[in-house]
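> model this:
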Amino acid sequence: MVRDLRDIYLKEDEYLNCEVTVQGWIRNHRKQKEFGFIDFSDGTTFNHLQIVYDNKIDNFDVISKFHIGSAISATGVLVSSPKEGQKFEMQASKIVLEGDCPEDYPIQPKRHTREFLRDLAYLRPRTNLFNAVFRVRSVAAYAIHEYFQNKGFVYFHAPLITASDCEGAGEMFQVTTLDLDKVRECKEVDYNKDFFGKQTALTVSGQLQAETFALAYKNTYTFGPTFRAENSNTKTHASEFWMIEPEMAFCDLDKDMDIMEEMLKYIVSYVMKKCPEEIDFFDSFVEKGLKDKLTKLVSSHFIRVDHEEVISILKKADIKWEFPPEYGEDIAKEHEKYITEYFNGPVFIKNWPKDIKAFYMKQNPDGKTVAAVDLEVPGAGELMGGSQREEDYDKLIRRMKEMNMATEGLDWYLNLRKYGGCVHSGFGMGFERLLIYITGVENIRDVIPYPRTPKSCDY
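As a prediction, this is how the structure comes out:
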């Protein structure tokens with residue numbers, strides 16, 4: 001009977017001393033005169049299986065020439081293993097080559113640099129590191145859905161093609177069917193002749209559309225790809241990435257922070273429970289102390305502090321800052337690090353200066369700040385950001401005019417304030433940034449299967 005390694009490891013007592021068949025790939029192959037040892041993996045678990053065969057097996061000479069990377073089927077009895085750190089092994093009675101692999105197969109059993117493996121993105125899931133990374137990605141994605149579904153949130157599929165720029169930054173990939181050679185000759189583009197009859201782009205956020213569903217279902221969330229045409233080559237930026245964006249009606253900033261904290265703890269706890277081997281691997285080979293970091297996060301009480309107080313703390317610090325902190329301005333990475341160390345844990349920084357925040361954020365009575373929040377976590381800095389949304393129609397219109405934003409095309413969004421509007425809030429978290437935090441793998445290119453970055457769109 002064919003069995004996945006995952007099932008065998010979950011029910012090892014049931015399969016011990018029984019004959020089974022497994023199907024997967026050769027990760028390493030050590031041959032001796034009378035014996036052979038195959039390091040076998042089928043991808044269903046992070047664990048491997050050692051397959052042992054001897055010269056009594058049919059086609060011993062042929063099997064001993066099987067190459068690393070080849071696909072095989074192996075049948076044999078699972079027996080207790082004398083090898084330290086290995087519970088059992090297979091004494092093979094039959095090994096069949098399902099798919100050969102040449103000797104110049106690039107993923108040999110040695111340490112490869114991550115830069116080298118990025119150029120082989122279609123093969124890198126076969127290595128231990130990326131096998132662990134992308135399984136954690138899968139499990140974390142499931143945890144996100146489970147958290148929100150258990151809370152009764154409606155999963156909303158935000159449009160990927162949009163005519164609205166949520167962030168107002170203009171860094172969007174345009175979508176067009178116009179002949180670009182002809183467009184180049186024109187002084188002015190006539191978007192009436194384009195596919196949608198107007199200027200459109202790939203979305204930078206599903207938030208505005210999600211708000212419409214929140215005011216119908218009360219609680220909704222998006223989880224899907226978003227796009228930024230930002231010419232940035234840092235370790236934390238990509239042109240295509242995934243976002244989690246919940247929106248909640250009858251929810252103020254304090255309740256928003258409650259959900260942010262609860263959701264993050266749920267996801268981290270879920271991954272640690274479901275992927276213990278992967279987390280152990282990351283802790284040993286990627287980021288020392290990772291398990292302690294994640295365990296502390298789950299058990300921490302997240303501090304809540306105003307932006308103005310944060311700036312005061314930073315100004316009083318006996319540190320020569322590379323970027324001196326100032327009231328009314330954003331904070332830098334060095335400030336985020338100091339604040340989490342100062343409070344010895346995760347910190348919600350709330351009530352930000354309105355001049356550095358988006359148009360849709362709730363304006364506070366002081367006229368200077370908005371009900372916005374960023375979550376800073378030790379070792380990573382900002383992990384997610386949110387706000388109470390402005391529910392007052394007139395205030396929202398005035399704010400857009402202050403920022404020289406056109407209201408045309410956003411009538412539907414503004415009308416939410418007229419047609420049964422209410423206090424509502426939401427937040428966003430970059431999925432890849434969360435994975436960087438959970439795995440300790442510091443480059444966004446290594447936590448997304450096929451990264452899209454400036455001058456790079458392979459596969």
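> Can you say which helix or strand has residue 298 in it?
Using DSSP states H and E, residue 298 falls within helix 290-299.
> by contact count, what packs against that helix?
For helix 290-299, the elements it packs on are helix 253-274, helix 276-285, judged by 3 or more C-beta pairs under 8 Å, 6 or more residues apart in numbering; DSSP states H and E. Using the backbone N, CA and C atoms, a C-beta is placed for each residue, glycine as well.
> could you dump the ones you listed to JSON lines with mean neighbour count?
Shown next, in JSON lines, are the helices and strands packed on helix 290-299 (neighbours: other C-beta atoms under 10 Å):
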{"stretch": "helix 253-274", "mean neighbour count": "19"}
{"stretch": "helix 276-285", "mean neighbour count": "17"}
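> wait, which of those helices is closest to residue 42?
For these, proximity to residue 42 was assessed by C-beta to C-beta; helix 276-285 is nearest, at 14.7 Å.
> Quick one: mean pLDDT over the closest one.
Helix 276-285 carries an average pLDDT of 97.
> rewinding a little: kindly state which of the helices and strands packed on helix 290-299 is positioned closest to residue 39.
helix 276-285 (15.5 Å).
> So, low pLDDT: which residues of this structure?
For the chain, the stretches with pLDDT under 70 are 166-170.
> Between the two ends of stretch 308-322, how far is it?
End-to-end distance of stretch 308-322 (C-alpha to C-alpha, to the nearest Å): 20 Å.
> Tell me which residues of that stretch come out buried.
Residues of stretch 308-322 classed as buried: 308, 310-311, 313-314 (neighbour count, 16 or more other C-beta atoms under 10 Å).
> Pull the contacting residues for the closest residue in space to residue 123 that isn't next to it in sequence.
In space, and not counting its chain neighbours, residue 123 is closest to residue 107: 5.3 Å by C-beta to C-beta, 6 or more residues apart in numbering. Residues near residue 107 by C-beta atoms under 8 Å, 6 or more residues apart in numbering: 68-69, 120, 123-124, 126-127.
> Pull out the buried members of these.
By 16+ other C-beta under 10 Å, the contacts of residue 107 give 68-69, 124, 126-127 as buried.
> before we move on, back to that, which one of the contacts of residue 107 is nearest to residue 220?
Using C-beta to C-beta, residue 124 is the member of the contacts of residue 107 that lies nearest residue 220, at 35.0 Å.
> returning to that earlier point: what separates the helix holding residue 298 from the chain centre, distance-wise?
Relative to the centre of its chain, helix 290-299 is centred 18 Å away, using C-alpha atoms, centre = their mean, to the nearest Å.
> again, but for stretch 236-248
8 Å.
> and the helix or strand where residue 394 lies, what does it pack onto?
Element membership for residue 394, per DSSP H and E: helix 393-402. Under the contact criterion of 3+ C-beta pairs under 8 Å, 6+ apart, helix 393-402 touches helix 411-415.
> What residues sit buried inside the helix it packs on?
Neighbour-count burial for helix 411-415, with 16+ other C-beta under 10 Å as criterion, is recorded at residue 413.
> Which helix or strand lies directly C-terminal to that helix?
Beyond helix 411-415 toward the C-terminal end (DSSP H and E), the next one is strand 424-430.
> Measure how that next one sits relative to helix 253-274, angle-wise.
Angle, strand 424-430 to helix 253-274, by axes from the mean of the first three to the mean of the last three C-alpha atoms, to 10 degrees: 40 degrees.
> Sheet partners, orientation included, of strand 424-430?
strand 240-249 (antiparallel), strand 381-389 (antiparallel) (DSSP bridges).
> I would like the residues contacting it, please.
The contact list for strand 424-430, computed with C-beta under 8 Å, 6+ apart, reads 205, 207, 210-211, 214-215, 241-253, 255-256, 259-260, 264, 371, 373, 383-389, 391.
> Which of the three states applies to the residue of the chain positioned farthest from its centre?
No residue in the chain sits farther from the centre than residue 56, which is 48.9 Å out by C-alpha atoms, centre = their mean. The three-state label given to residue 56 by DSSP: H, G, I helix; E, B strand; the rest coil is coil.
> Then the one 5 residues further on?
Remark: residue 61 carries the secondary structure label helix [criterion: three-state DSSP].
> How many residues are close by it?
Residue 61 has 8 neighbouring residues, counting by other C-beta atoms under 10 Å.
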